[in-house]
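In: Take a look and give me a structure for this.
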Amino acid sequence: MIGKPRGPGRRFALALVAALVTATSLAAATAQTTHERGPVTNLPLPRFVSMKASEGNVRRGPSLTHRIDWIYTRRDMPLEITAEYGHWRRVRDRDGAGGWVHYSLLSGVRTVIVEDPMLDLHSRPNIAAPVEARLAVGVIARLGDCESEWCEISSGGYDGWARRTALWGVMPDEFPE
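Out: Below is the predicted model:
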């Protein structure tokens, strides 16, 4: 017959439950603060890259035998890698569309897409700093350093600082160099 533990057994059971709750809480906290690593490259997942080629097939699965769903036709477009399998990377674009792309079509060079209708590019990471240029929505820019709320970008011969929240292709908690 199964019953409630009594005496020292009860204290041991309560201590065991407390230890399990603590261990579970620590594991959950650790999982939230660490990023998953790719099984092929051991690089963080998700992470951002850009299109190296001016054209790249996006497939339903990680092989040449899988159907091509569409073709990316914009060189330097930022993409988010969400999975790895052999020479293939599962990516998604700023619209959330994605699929599998061969790694040879991707570059580690970081780019971003302007999300604001008209983005001011400041000379320093400060809203009061002079505006060097204005970039339209959809413009692709090269990503430089980032601070907590600002990223340095360059496009069309202009360099400056833009608010991080106005860009797609950089995570809120990352600081690329």
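In: who's in contact with the residue nearest the centre of the chain?
Out: Centroid-nearest residue in the chain: Arg47, 3.9 Å away (criterion: C-alpha atoms, centre = their mean). By C-beta atoms under 8 Å, 6 or more residues apart in numbering, Arg47 lies in contact with 80-81. To be clear about C-beta, it is placed using only N, CA and C from the backbone, and glycine gets the same treatment.
In: cool, Trp88 as well?
Out: By C-beta under 8 Å, 6+ apart, the residues touching Trp88 are 62-63, 100-103.
In: beta partners of Val49?
Out: Per DSSP bridges, the residues bridged to Val49 are Leu79.
In: Please narrow the contacts of Trp88 to those residing in strands.
Out: Taking DSSP state E, the ones among the contacts of Trp88 that sit in strands are 100-102.
In: buried residues in stretch 121-129?
Out: 121-122, 125 (16 or more other C-beta atoms under 10 Å).
In: ok, now stretch 69-78?
Out: So stretch 69-78, judged by 16+ other C-beta under 10 Å, has buried residues 72, 76-78.
In: For these, give me CSV that also has pLDDT.
Out: Shown next, in CSV, are those (pLDDT from 0 to 100):
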residue, pLDDT
Tyr72, 96
Asp76, 98
Met77, 98
Pro78, 98
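In: and Thr111, what is it in contact with?
Out: 50, 76-78, 140-143, 169.
In: how close does it sit to Gly96?
Out: Separation of Thr111 from Gly96 (C-beta to C-beta, to the nearest Å): 18 Å.
In: ok, back up a step: identify, from the ones in strands among the contacts of Trp88, the entry nearest to Gly156.
Out: For these, the minimum distance to Gly156 (C-beta to C-beta) is 26.5 Å, reached by Val101.
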